[in-house]
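> build me a structure from this.
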Amino acid sequence: MLTRRSLLSTSAVLAAVPVAAEAQDVAQAPAGTNGKISASSPGGVLTVEVGVTGEGRPEYTVSRLGRPVIAPSRLGFILTDAAKLERNFTVTADAPTQHDDTWEQPWGERRFIRNHYTEFRVHFAETSSLQRRMDVVFRLYDDGLGFRYEFPDQANLKTVNIGAELTEFAVVSPGTAWWIPAFEWNREEYLYTRTPISGVGVAQTPLTMKLDDGLHVSIHEAAVIDYAGMNLRRSEGGRFTAMLTPGQTNAAVVRAAPFATPWRTVQIADQAGDLVESSLILNLNEPNKLGDVSWFKPMKYVGIWWEMHLDLKSWNSGPKHGATTENTLKHIDFAAKHGFGGVLVEGWNVGWDGEWFGTGWNFSFTQPYPDFDIDRIAAYARQKGVQLIGHHETGGNAFVYEKQLDAAFAQMQRHGWHSVKTGYVADAGGARITGADGQAHMAWHESQDMARHHLKVVETAAKYQVAINAHEPFKDTGLRRTYPNMISREGARGMEFNAWGQPGNPPEHEVNLVFTRLLAGPMDFTPGIFGMTTRSPDGVATTWAKQLALYVAIYSPIQMAADLLVNYEANPGPFQFIKDVAVDWADTRVLNGEVGDYVTIVRKDRNSDEWFLGSITDESPRSFSEPLTFLDAGRRYRAEIYRDAPDAHWKTNREAIVIEQREVTAADVLDLRLAPGGGQAIRFVPLGRARR
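The predicted model follows:
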């Protein structure tokens, strides 16, 4: 057990505190000293020191096992209607407290999650005549930390108009960063750039780094509610400053005190895979507020979608319309025959004709096109035991969508449909929200107003037992713990980029996603493409085996078999893995991995004792020898292996796949060989006790 004496560490602090304070709950370092107040994570791995400079400027540092990771970094705010909160502070801190509990996810990467942390509350009080106050609460885990500001009720700061955060993350060591730019027109849908940390511009989060000493660091945020999304602006060297998404006025955030900001998070790990296994983001969110959500079942689905991206069908009405009654019934039959839970239908509703991109004024979320017989389709789907997945594209027009939410979700509830894919296709900054005057105003996709909108959608949907899969979304910050009907989202370049008449996603893209975007939460990436020739000059830059492995490597509680049905019917061998792979997990482990290069992940099915393995690589071939120690000792398994053929290659021989079986136990070591741009997928089926 860590004691208060061990956590409140420096001699400067102890010298400043009267002896009688030893038995109290606070330690004090007055403004004008360089004293620091410190606390450590439960295992003593991470230590944070907080204090004020000689000018009374709040700052913090982070070290890991005695080694600095975050150098002195500022805390504070610039306000738009009052003096900034940045200097002339004194600092006190409550004695750190320990917390350790385990909670159960209704669905997820693992069933049970341990939440073990040290909480450390620091109080900053101004010495100026304003005498304003703010707290900073730190939660220290052995694999990272989160901290947030809390504004108490106070006479001189009733409404907080935040123009900018002064929050800094001064990364001590040089290294390599993987990042995408912020404030560009295509929202989050950019390829990840690999540069020195000193080469980062203004980046979205998660921002993942590998320091030259081998340490891995990822900066993000958790529990964004009624607040602007945070980006990171590099100012010098490895020093990053929070950069909030703009709002409707010169204030990015307007809140009435008391309130708390989102958590600013820093994950820190020796191995890249430890970032993936971390539950830090989820743990920093509040527990489930919805109660029983068993009406949502994790599932795989097919849909009327890829054919539009290939320009074989259209979203709008007319002779190429994809969302017809006949086409939908065909997809329902296919889903029922092969054990898929749902069918996504895009373009079924009025509003797709004309200029809908970035406007969204004409969308109806209840009225179908005449060639989509919604009642007949709903009855047929019920008969076949298949749910339709609603599709609500808004063209970025949250203003119009909010007026129809109740009617749209009530219609879904009448038909027994429990999940919907929402969309906000508009240039960044081109969303429309409801302003204080009740009129529509333009907004950024990750503004405070859009944070409010997405929460309103999720809360309204929950009343009708509908789950949300948001595309062109607000970034994931772990709110699925609090609102478990927030099941998945896009928020990165998905599979559709491989369909269009432009260069698609390069072989490293999916590996980059595992260590960047997917640290935030599930992604509806839509894998499973067998038709590798598309309108893109590169086609789909993977092998078939990698397409299968993506079902394990990229997590989502809903996974699409995204290809045309004819391609699955023509290739029953590899399609079998898509039919067999689970989507809800009891456990997840990363066997190996390097950011942007390769990763091997195993997951245990929550509803059986089967394990699944997905291993993927970039443009380079890889060979691994992996012990199967994750399997139950003393038990035999049938390993159903889907691997790259010896001559497979993402450029020249993408369809070359070998499907084989062998018997294995936990004592075996399995050789994995991945082709350039390739992968390997394995299903481990228990057979019985191992032979002696």
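> contacting residues around the longest helix along the chain?
Ranked by residue count under DSSP state H, the longest helix found in the chain is helix 398-415. Defining contact as CB atoms under 8 Å, 6 or more residues apart in numbering, one finds that helix 398-415 is touched by 360-361, 363-366, 374, 378, 381-382, 388, 390, 392, 394, 418, 420, 422, 424, 431-434, 440, 443, 449-450, 453, 456-457, 460-461, 463-466. In short, each C-beta sits where N, CA and C put it, glycine included.
> any of these buried? List them.
360, 363, 365, 374, 378, 381, 388, 390, 392, 394, 418, 420, 422, 424, 431-434, 440, 443, 449-450, 453, 457, 460-461, 464-466 (16 or more other CB atoms under 10 Å).
> if I pick the closest residue to P370 other than its chain neighbours, what's in contact with it?
Take P370 and drop its neighbours on the chain: the residue closest to it by CB to CB, 6 or more residues apart in numbering is S317, 7.9 Å away. Shown in contact with S317 (CB under 8 Å, 6+ apart): 352-353, 369-371.
> between the residues you listed, which sits nearest D605?
In terms of CB to CB, no member of the contacts of S317 lies closer to D605 than W352, at 38.3 Å.
> which SSE is the closest one in?
For W352, there is no host helix or strand (DSSP states H and E).
> give me phi/psi at it?
Dihedral pair for W352: phi -80, psi -20, per degrees, to the nearest 10.
> ok so, going back, which of the contacts of helix 398-415 fall in helices?
Those of those mapping onto helices are 374, 378, 381-382, 449-450, 453, 456-457, 460-461, 463, per DSSP H.
> helix or strand right after the strand ranked longest in the chain?
Taking DSSP state E as the criterion, the chain has its longest strand at strand 112-126. Following the chain from strand 112-126 toward its C-terminal end, the next helix or strand by DSSP H and E is strand 133-141.
> that following strand pairs with which strands?
strand 112-126 (antiparallel), strand 144-151 (antiparallel) (DSSP bridges).
> now do the contacts for W295.
W295 makes contacts with 418, 465, as judged by CB under 8 Å, 6+ apart.
> got the confidence number for it?
On pLDDT, W295 comes in at 98.
> again with A15
For A15, the predicted pLDDT is 27.
> repeat for T33
For T33, pLDDT reads 41.
> quick one on the thing from earlier: I'd like the average pLDDT over the longest strand of the chain.
Strand 112-126 comes out with an average pLDDT of 98.
> C-alpha coordinates for it, CSV please?
The C-alpha coordinates for strand 112-126 follow below in CSV (Å, rounded to 0.1, in the frame of the first residue of the first chain):
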residue,chain,number,x,y,z
PHE,A,112,-14.2,-7.9,-17.4
ILE,A,113,-12.1,-4.8,-17.0
ARG,A,114,-10.1,-3.9,-13.9
ASN,A,115,-10.1,-0.2,-12.9
HIS,A,116,-7.1,0.2,-10.6
TYR,A,117,-5.8,3.7,-10.1
THR,A,118,-4.6,6.4,-7.7
GLU,A,119,-6.7,9.6,-7.7
PHE,A,120,-4.9,12.8,-6.9
ARG,A,121,-6.9,16.1,-6.6
VAL,A,122,-4.9,19.3,-6.8
HIS,A,123,-6.5,22.7,-5.9
PHE,A,124,-5.3,25.9,-7.6
ALA,A,125,-6.4,29.2,-6.1
GLU,A,126,-5.6,32.7,-7.4
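> pull out the buried residues from that strand.
113, 115, 117-118, 120-126.
> just name the closest of the residues you listed to D647, please.
I113 (43.0 Å).
> possible to save the buried residues of strand 112-126 as a markdown table with distance to L85?
Shown next, in a markdown table, are those (distance: CB to CB, whole Å):
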| residue | distance to L85 |
| --- | --- |
| I113 | 34 |
| N115 | 30 |
| Y117 | 26 |
| T118 | 25 |
| F120 | 20 |
| R121 | 17 |
| V122 | 14 |
| H123 | 13 |
| F124 | 8 |
| A125 | 11 |
| E126 | 8 |
